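Visitor: output the structure for:
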Amino acid sequence: MACRISEIVIDSADPERLATFWSEVLGFVELDREEGGVIEIGPADPGFGGPQPTLVFLPVDTPTTGKLRLHFDVNATDRDQDAELERLLALGARKVDIGQGEDAHWHVLADPEGNEFCLLRRRLLPL
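Guide: Model prediction:
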């Protein structure tokens, strides 16, 4: 039998802010909140253990330095890429230039704490 990713844990200076941002981006809800500021978000149903991994925001005091070795790719489900880009920017994302060039079919963005993610062109069906 194989394993499956159930949670992705993200170190954060402000878990509340990142949990709110990513809940809006992904349409997730808060699933759990632990003493010490840990917040878990995920799909409303079935949540933890369902087909999508949940996101856990863990408070840390030390800032991240250097480039992260992992990033998310996201796709819009109910609008085109341009409309989704505007929505993400309004939520607090910012554009990032990592040398992708003007002819790239994706947009490189950063969340409120600077974690990079990409908005891809193809629209996906919602789960």
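Visitor: which stretches in this structure count as helices?
Guide: For the chain, the helices identified by DSSP state H occupy 15-26, 81-91, in order along the chain.
Visitor: now do the most centrally placed residue in the chain against residue 49, distance only.
Guide: The C-alpha lying nearest the average C-alpha coordinate of the chain belongs to residue 22 (Cα atoms, centre = their mean; 4.8 Å). Here residue 22 is placed at a distance of 19 Å from residue 49 (Cβ to Cβ, to the nearest Å). (Glycine included, C-beta is placed from N, CA and C.)
Visitor: give me the neighbour count for residue 28.
Guide: Residue 28 has 19 neighbouring residues, counting by other Cβ atoms under 10 Å.
Visitor: bridging residues for the closest residue to it other than its chain neighbours?
Guide: In space, not counting the residues next to it along the chain, residue 28 is nearest to residue 41; the distance is 4.3 Å by Cβ to Cβ, 6 or more residues apart in numbering. When bridges are taken as DSSP bridges, the partners of residue 41 come out as residue 30, residue 55.
Visitor: residue 41 and residue 113: what is the separation?
Guide: With the distance defined as Cβ to Cβ, residue 41 ends up 15 Å from residue 113.
Visitor: so which of these two has more stuff around it?
Guide: Neighbours per residue (other Cβ under 10 Å) separate residue 41 from residue 113, with residue 41 holding more: 23 against 18.
Visitor: tell me how far that one lies from residue 56.
Guide: Distance check for residue 41 against residue 56: by Cβ to Cβ, it reads 8 Å.
Visitor: likewise for residue 73?
Guide: For residue 73 relative to residue 56 (Cβ to Cβ), the value is 19 Å.
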